[in-house]
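J.: pasting a predicted model and its sequence here:
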Amino acid sequence: MVGTLPPDLEKFRPQQERGERHEYRLFSHFQAIYSLAHRRPVGYEGLIRAIDSRGREIPPIELFSKAPHGEARILLDRQCRALHVRNFLRLGEDRSWLFLNVDPHVASEGLRFGSFFSEMLKSNGFPTHRVAVELIETPFDDESRLTDAIEHYRKLGCLIVIDDFGAGYSNFDRIWRLKPDIVKIDREMTRRVTVEPLARRMFTGIISVLHEAGAIVCVEGIETEAEALCAVDANADLMQGNYFAPGSDALPPDNACREAFGRLIAGYRTDIAEFQKRQQARLEPYLAALKNAVQDLSLGTEFPQAVQVILKLPCTRRCYLIGSDGLQIGANVESERGVRDYDPRFELVQPTEGTDWQTKSYFRRAIESPAKAQITRPYLSVSGPKLCVTLSFAFEAFDDGAQQVLCADLDFAALAGEDLAFGAGSLQA
């Protein structure tokens, strides 16, 4: 059984250091977590703050370093959670979630030191369904023990949250194992989406996979309007960061960020409209050339001659034909740039006559919607290999009327240029 909590939760006295007795004053800050759909806070994360006897602020990592792993660490962790619950109740917020950070080691070891959490909540009159147990990112050797500990919190009725997804051990394996209700995206990923094109393009996909795993997604660490717009564009559910509200010992009014959310939604609509205009302007010559090539093929023009116009456009790398069965007809017809981009390391996976493309989205979508141009999201083409987008168009062949699909691979980097957002959303033709 671990020791009892101190009568004064605001005081922490670590073990003696060099014969001296130290005392730290603890207090709570709460940072709002906003729902985009509701434009108001739906939760608050409890953040421990401390000052020493000289009035110096002590960072949380330094504070917890005063309690070594084991009983002392568990007792300090419990003290912080109890303090947050008590202080949050004093603020009078009676409907939002309270996010409480828990170290995986504490979650796993805590049960061996006796029951605490449910009794603490019950004694304070705080319902378990409003508690979000936030598992902080840290390495942990025995994930099966961690799973058992998380199931304990889940059975109590708490929400399960994984923090700092994308950093260290907070990865997809932990998602599959723990099946969290909420996943928080690591703040470093949040920062990168506004400065790195690859991160921006991946962001939407990562959030989509987390949604498919059954989790609500929170983007944390939002510091700027640009980062907030990326979160909106990626379809995040919740948002947290100093852009909306810093941690504080007081709670912001529910409508404090309504104007900011209004700007975000308006900015999102503007961005989408501008993106579609830019995309259409860049794709127009390629779509026109693709449709002209289809028309020529339908009239019996040989394939290499029919695609010469589109091959001469600056971003085109290659064209190829696919039959209605999904098998490639003949070899690729490469542009001069495509020939220059050839990489002998990928010779084994170069497409040839009979290569099966029936599982590819550009083939399936074209077959399902004949006589309508299709375009993919950016992907790595083994023919290059480099990021490309593929235009596709299903038509009736000249000789037997069977469906065929004309495809053209475009160099995505050349098409997008310096446009960071290009390709982040759904490409349309």
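T.: Alright, I've got the coordinates.
J.: please enumerate the strands of the stretch 51-200 of the chain.
T.: For the stretch 51-200 of the chain, the strands defined by DSSP state E, counting those that start in this stretch cover 57-58, 97-102, 131-135, 159-165, 182-185.
J.: most packed of these?
T.: Among these, ranked by average contacts under mean count of other Cβ atoms under 10 Å, first place goes to strand 182-185 (a mean of 28). Where you see a C-beta, it was placed from the backbone N, CA and C, and this is true even at glycine.
J.: ok, residues contacting it?
T.: The contact list for strand 182-185 (Cβ atoms under 8 Å, 6 or more residues apart in numbering) reads 132, 134, 159-166, 175, 206-207, 210, 213, 215-220, 236, 238, 240.
J.: list the neighbouring strands of it plus their orientation.
T.: Counting by DSSP bridges, the strands paired with strand 182-185 are strand 159-165 (parallel), strand 216-219 (parallel).
J.: pick out the shakiest of those, pLDDT-wise.
T.: Least confident of the strands paired with strand 182-185, judged by mean pLDDT, is strand 159-165 with a mean of 92.
J.: close enough to count as contact, Arg282 and Ala414?
T.: No - counting by Cβ atoms under 8 Å, Ala414 is not a contact partner of Arg282; they are 9.9 Å apart.
J.: check which residues of stretch 321-336 are buried.
T.: Leu321, Ile322, Gly323, Gly326, Gln328, Ala331, Asn332, Val333, Glu334, Ser335 (16 or more other Cβ atoms under 10 Å).
J.: go on, stretch 58-78?
T.: The neighbour-count check on stretch 58-78 (16+ other Cβ under 10 Å) flags Ile58, Leu63, Phe64, Lys66, Ala67, Ala72, Arg73, Ile74, Leu75, Leu76, Asp77, Arg78 as buried.
J.: quick one: end-to-end length of that stretch, please.
T.: Taking Cα to Cα, to the nearest Å, stretch 58-78 runs 18 Å from one end to the other.
J.: quick revisit: next, format the buried residues of stretch 58-78 as JSON lines and append distance to Leu410.
T.: What follows is the buried residues of stretch 58-78, written out as JSON lines (distance: Cβ to Cβ, whole Å):
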{"residue": "Ile58", "distance to Leu410": "55"}
{"residue": "Leu63", "distance to Leu410": "54"}
{"residue": "Phe64", "distance to Leu410": "52"}
{"residue": "Lys66", "distance to Leu410": "58"}
{"residue": "Ala67", "distance to Leu410": "57"}
{"residue": "Ala72", "distance to Leu410": "60"}
{"residue": "Arg73", "distance to Leu410": "55"}
{"residue": "Ile74", "distance to Leu410": "57"}
{"residue": "Leu75", "distance to Leu410": "61"}
{"residue": "Leu76", "distance to Leu410": "57"}
{"residue": "Asp77", "distance to Leu410": "54"}
{"residue": "Arg78", "distance to Leu410": "58"}
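J.: of all the residues you listed, which comes closest to Asp409?
T.: Closest approach between the buried residues of stretch 58-78 and Asp409, by Cβ to Cβ: Phe64, at 52.7 Å.
J.: do I have it right that the closest one meets Arg73?
T.: Yes - Phe64 lies in contact with Arg73 (Cβ under 8 Å); the separation is 6.9 Å.
J.: joint contacts of these two?
T.: Listed contacts common to Phe64 and Arg73 are Asp103; contacts here mean Cβ under 8 Å, 6+ apart.
J.: before we move on, the earlier item: now the buried residues of stretch 321-336 in TSV, with distance to Ala366?
T.: Shown next, in TSV, are the buried residues of stretch 321-336 (distance: Cβ to Cβ, whole Å):
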residue	distance to Ala366
Leu321	12
Ile322	8
Gly323	12
Gly326	11
Gln328	14
Ala331	20
Asn332	17
Val333	18
Glu334	21
Ser335	21
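J.: tally of neighbours for the nearest residue to Asp77 once chain neighbours are set aside?
T.: For Asp77, ignoring the flanking residues on the chain, the nearest one in space by Cβ to Cβ, 6 or more residues apart in numbering is Val106 at 4.5 Å. Taking other Cβ atoms under 10 Å as the criterion, the count of residues near Val106 is 23.
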